[in-house]
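In: take a look and give me a structure for this.
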Amino acid sequence: MLKLFHSRIPTSIVPLAEFRRVTVLLDATAPDFEKAWNGALTFFGKTGSELTVVPVERKGLIRTSRKTDVLISLLPVHDWRSRYVVCRSQAKFKIGRGQFDKPVFDLVVSDPEGRQFPQSEVLEKIFDILRKLK
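Out: Down below sits the predicted model:
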């Protein structure tokens, strides 16, 4: 069923200068939710990109616009809702915390074995990488 909704738009790594619309999926139940939210606002505010931050609770559907250039998911890989949203997204550049069984993300920033970093720290690492893309 996921294949039915899988985006047919080719994806690839896109330089920061080409970002127009960015969607960030954040775990709203994480203790560092506000820190991650503010970090995204600050970083993308400086780039002039249109930013949509989607706070995701433990239950319920995730509603996002399919019209985004870049999708950043900081949700756990095992969350089926995250997988559904990422697979149906038409974003040209997809960034996540881990890869699904079939590659969907263009860039993955994963936690070391046996340790999980807060989403705000992972987001900062993503920002470091994005600054280096030319």
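
In: return the distance of V77 relative to F19.
Out: Plainly put, V77 is 23 Å away from F19 if you go by CB to CB, to the nearest Å. To be clear about C-beta, it is placed using only N, CA and C from the backbone, and glycine gets the same treatment.

In: comparing the two, which residue is more hemmed in?
Out: When neighbours are counted by other CB atoms under 10 Å, F19 comes out ahead of the other of V77 and F19, with 21 against 18.

In: which phi and psi values does that one adopt?
Out: According to degrees, to the nearest 10, the main-chain angles of F19 amount to phi -70, psi 130.

In: now swap in the one 4 residues further on and tell me
Out: The phi and psi torsions at T23 (degrees, to the nearest 10) take the values phi -120, psi 130.

In: likewise for G98?
Out: Phi and psi for G98, reported as degrees, to the nearest 10, are phi -170, psi 160.

In: so who does the nearest residue to it once chain neighbours are set aside touch?
Out: Counting by CB to CB, 6 or more residues apart in numbering, the nearest residue to G98 once its immediate chain neighbours are dropped is V77, at 3.8 Å. With contacts taken as CB atoms under 8 Å, 6 or more residues apart in numbering, V77 has the following neighbours: R83, G96, R97, G98, Q99, F100.
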